[in-house]
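Visitor: coordinates only, no sequence provided:
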């Protein structure tokens, strides 16, 4: 399907203007998506660190519980 954009005041500059506008829009969304991926990457790093700390805590708590049950 092919659409024709007709702006008689702009004349032959219309295809160039439409192309440039689409380029600016795509660059804007690319930059926004890059910022989102950086934020998401930082979040996943923090979440991974939290899960590692929580795993360490549960292992130590399990060892403490076993010792407590053994000597009580």
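Guide: Received it, and whenever you're ready, just let me know what you need. The structure displayed is predicted, hence computed values, not measured ones.
Visitor: okay, CA-based contacts and neighbour counts for the rest of this
Guide: Fine.
Visitor: counting contacts, what elements does the helix or strand where residue 50 lies pack onto?
Guide: Using DSSP states H and E, residue 50 falls within helix 14-71. Contact partners of helix 14-71 among helices and strands, from 3 or more C-alpha pairs under 8 Å, 6 or more residues apart in numbering; DSSP states H and E: none.
Visitor: average model confidence for it?
Guide: This predicted structure assigns helix 14-71 an average pLDDT of 92.
Visitor: how far off centre is it?
Guide: In this view, helix 14-71 has its centroid 7 Å away from the chain centroid, taken as C-alpha atoms, centre = their mean, to the nearest Å.
Visitor: center of this structure - which residue?
Guide: A centroid search over the chain (C-alpha atoms, centre = their mean) returns residue 37, at 2.9 Å, as the residue closest to the centre.
Visitor: quick check: the gap between that residue and residue 22.
Guide: When C-alpha to C-alpha, to the nearest Å is the yardstick, residue 37 and residue 22 sit 22 Å from each other.
Visitor: what about residue 14, neighbour count?
Guide: Each residue near residue 14 was counted by other C-alpha atoms under 10 Å, and the total is 15.
Visitor: distance of it from residue 47?
Guide: 49 Å.
Visitor: cool, residue 29 as well?
Guide: When distance is defined by C-alpha to C-alpha, residue 29 is 26 Å away from residue 47.
Visitor: same question for residue 69.
Guide: From residue 69 to residue 47 the distance is 32 Å (C-alpha to C-alpha).
Visitor: out of those two, which sits in the busier spot?
Guide: Higher neighbour count among residue 69 and residue 47: residue 47, with 12 against 9, using other C-alpha under 10 Å.
Visitor: contacts only, for that one.
Guide: Under the criterion of C-alpha atoms under 8 Å, 6 or more residues apart in numbering, the contact list for residue 47 is empty.
Visitor: do that again at 10 Å, thanks
Guide: When contacts are counted by C-alpha atoms under 10 Å, 6 or more residues apart in numbering, residue 47 touches 41, 53.
Visitor: likewise for residue 50?
Guide: 44, 56.
Visitor: repeat that for residue 34.
Guide: Taking C-alpha under 10 Å, 6+ apart as the definition of contact, the neighbours of residue 34 are 28, 40.
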